[in-house]
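how does the following fold in three dimensions:
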Amino acid sequence: GFMSPNSRSHDHPLHVMLTVNAAWNIWNFRKPILKALLAEGHRVTVLASPDDSVAKLEELGCRVLPLKMSAKGLNPLEGLRLRREFLKAFRQERPDIVFSYTIKNNLFGAIAARRCGVPFLPNVTGLGTAFLSGGALQRVAERLYRHAFRRLPKVFFQNEDDRALFLSRRLVRADQTEVLPGSGIDLQHFNAAPYPGGEETRFLMIARLLRDKGVHEYVEAARLLKGEGARVRFQILGATGSENRTAISREQVAEWDAEGVIDYLGTAPDVRPHIAEAHCVVLPSYREGAPRTLIEAAAMARPLIATDVPGCTAVVGHEVNGFLCEVRSGDSLAEACRRFLSLGEDARRDMGKAGRAKMAADYDEALIVQAYERAMVQMLGRGF
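The predicted structure follows:
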């Protein structure tokens, strides 16, 4: 075992199932857990809607079972169907424990697991539109969460704010909850990169092009600063053409690019070279669970600018490793960019170093593996 010296006495491998709304989520965000389990010889089954990461997961040594689900909102009929799918999978596969991620898997997976007595450990990764919309849908979601989570010994959260919200709405009890440092980061892979020189300052936003990520505010800030004659570039790296209803069209992005207000970089299989060339990484998002790109940029010793919202505030210490600005305000974002521009190179470098130190202390992925192992000991009487 990883930590427990006596875990060798449990020779038989466990069967651990991970469930999530899309297989790429496991490949992108949960690999440390996966590798730790497989390294100890346990069987791992991923139950998720399939995509092009399935082959990669199988290559690591997982089995992947397809789960039919729509990425869209909480449709009650789909909920019933999902609960049936989970029941069937849990009964056929008989996992020793299920690790779950994403809203519908957490909700309907927990309800099914309770029905067939399977230990179930959800990880609340952000709250989704049902929670932000208020009204009837929010009430339904809350009732479901209360019912689904009531008897679970442990519920993981990605940030303090989500946990506080669940506690205030009485969806969980304090003794059930534990906050993890996001999904962790591989500090070797995202190593501190030498700080770039150059005459102009490069701001970089890495995100899917959705309104909720603050793309419009970013463009507005770029217009303001360029209008003032600042020597700046505002770059955007990320996919357009998402199904999401707040998606920004390719045409719109091409227009901004042609106007010269932003540089659209398209997408990249590896973000590290782009982060290395940036002087500052920006995310003006309306809400985040644990903002992956900010964590990666901080690990690479880059100063950050982000909105003062849950998730972002966990990564950005104002005036320590970056600046916070008001949400939905291009003016406030522009002001944060001006403050960054007024810093000398040493101050910028120091901010970057502070970010790297913070990630090493709070976001090292080994900490997450240890938290899962403690939960397994609590729920199964044994760790990895």
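
ok, now which ones touch the spatially most central residue of the chain?
Nearest to the geometric centre of the chain sits residue 290, at 4.5 Å (CA atoms, centre = their mean). Applying CB atoms under 8 Å, 6 or more residues apart in numbering, we find residue 290 in contact with 125, 158-159, 181-183, 311, 314-315. C-betas here are computed from N, CA, C, even on glycine.

please redo it, this time with the cut-off set to 10 Å
Neighbouring residues of residue 290 by CB atoms under 10 Å, 6 or more residues apart in numbering: 29, 125-126, 157-159, 162, 180-185, 310-312, 314-315, 363.

kindly report the same for residue 123.
Residue 123 sits next to 18, 20, 29-30, 33, 99-102, 105-106, 154-158, 178, 180, 183, 289, 368, 371-372 when contact means CB under 10 Å, 6+ apart.

what's the answer for residue 150, then?
Residues near residue 150 by CB under 10 Å, 6+ apart: 110, 114, 171-173, 176.

swap in residue 152?
Here residue 152 is in contact with 106, 110, 113-114, 119-122, 172-173, 176, 379 (criterion: CB under 10 Å, 6+ apart).

so which of those residues wins on neighbours?
The member of the contacts of residue 152 surrounded by the most neighbours (other CB atoms under 10 Å) is residue 120, with 29 neighbours in all.

show the pLDDT at the residue nearest to that one when sequence neighbours are not counted.
Closest residue to residue 120 in three dimensions, ignoring its sequence neighbours and counting by CB to CB, 6 or more residues apart in numbering: residue 113, at 3.6 Å. In this prediction, residue 113 carries a pLDDT score of 97.

excluding sequence neighbours, find me the nearest residue to residue 322.
Spatial nearest neighbour of residue 322, chain neighbours left out: residue 304 (3.4 Å); criterion: CB to CB, 6+ apart.

so what's the gap between the one helix or strand the residue nearest to residue 120 maps to and the chain middle?
Taking DSSP states H and E as the definition, one finds residue 113 inside helix 103-116. Distance of helix 103-116 from its chain centroid, counting by CA atoms, centre = their mean, to the nearest Å, is 21 Å.

who does the helix or strand following that helix pair with, and is each partner parallel or antiparallel?
Where DSSP H and E defines the elements, the next helix or strand beyond helix 103-116 is strand 120-124. Neighbouring strands of strand 120-124 in its sheet, by DSSP bridges, are strand 97-101 (parallel), strand 155-157 (parallel).

quick check: angle from strand 120-124 to helix 103-116?
On the basis of axes from the mean of the first three to the mean of the last three CA atoms, to 10 degrees, strand 120-124 is oriented at 160 degrees to helix 103-116.

report the buried members of the contacts of residue 123.
Of all those considered here, the ones buried according to neighbour count by 16 or more other CB atoms under 10 Å are 18, 20, 29-30, 33, 99-102, 105-106, 154-158, 180, 183, 289, 368, 371-372.

can you give me the strands in the stretch 251-384 of the chain?
Listed in chain order, the strands of the stretch 251-384 of the chain (DSSP state E, counting those that start in this stretch) span residues 263-264, 280-283, 304-307, 322-325.

which of the ones you listed sits closest to residue 42?
If you check each of the strands of the stretch 251-384 of the chain against residue 42 by CB to CB, strand 280-283 wins as the nearest, at 35.7 Å.

the closest one: how far from the chain's middle?
Taking mean C-alpha positions (CA atoms, centre = their mean), strand 280-283 and its chain are 16 Å apart.

output the contacting helices and strands for that strand.
With contacts taken as 3 or more CB pairs under 10 Å, 6 or more residues apart in numbering; DSSP states H and E, strand 280-283 sits against strand 201-206, helix 215-227, strand 232-237, helix 292-299, strand 304-307, strand 322-325, helix 330-341, helix 345-362.

follow-up on the earlier one: the residue nearest to the centre of the chain and residue 152, how far apart?
Remark: distance between residue 290 and residue 152 (CB to CB, to the nearest Å) = 21 Å.

mind listing what the spatially closest residue to residue 151 that is not a sequence neighbour touches?
Nearest residue to residue 151 in three dimensions, chain neighbours excluded: residue 114, at 6.2 Å (CB to CB, 6+ apart). Taking CB under 10 Å, 6+ apart as the criterion, residue 114 is in contact with 120, 147-152.

neighbours around the spatially closest residue to residue 41 that is not a sequence neighbour, how many?
When the adjacent residues along the chain are set aside, residue 41 lies closest to residue 13, with 4.9 Å between them (CB to CB, 6+ apart). Residue 13 has 13 neighbours, counted by other CB under 10 Å.

report the secondary structure state of residue 13.
State at residue 13, reduced to three classes by DSSP: H, G, I helix; E, B strand; the rest coil: coil.

any idea how far it is from residue 95?
Here the criterion is CB to CB. By it, residue 13 lies 12 Å from residue 95.

what do these two both touch?
Common neighbours of residue 13 and residue 95 (CB under 10 Å, 6+ apart) are 43-44.

rewinding a little: and the buried ones among the contacts of residue 290, selectable in PyMOL?
To isolate the buried subset of the contacts of residue 290 in PyMOL, counting by 16+ other CB under 10 Å, use the following:
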select buried, resi 29+125+126+157+158+159+162+180+181+182+183+184+185+310+311+312+314+315+363
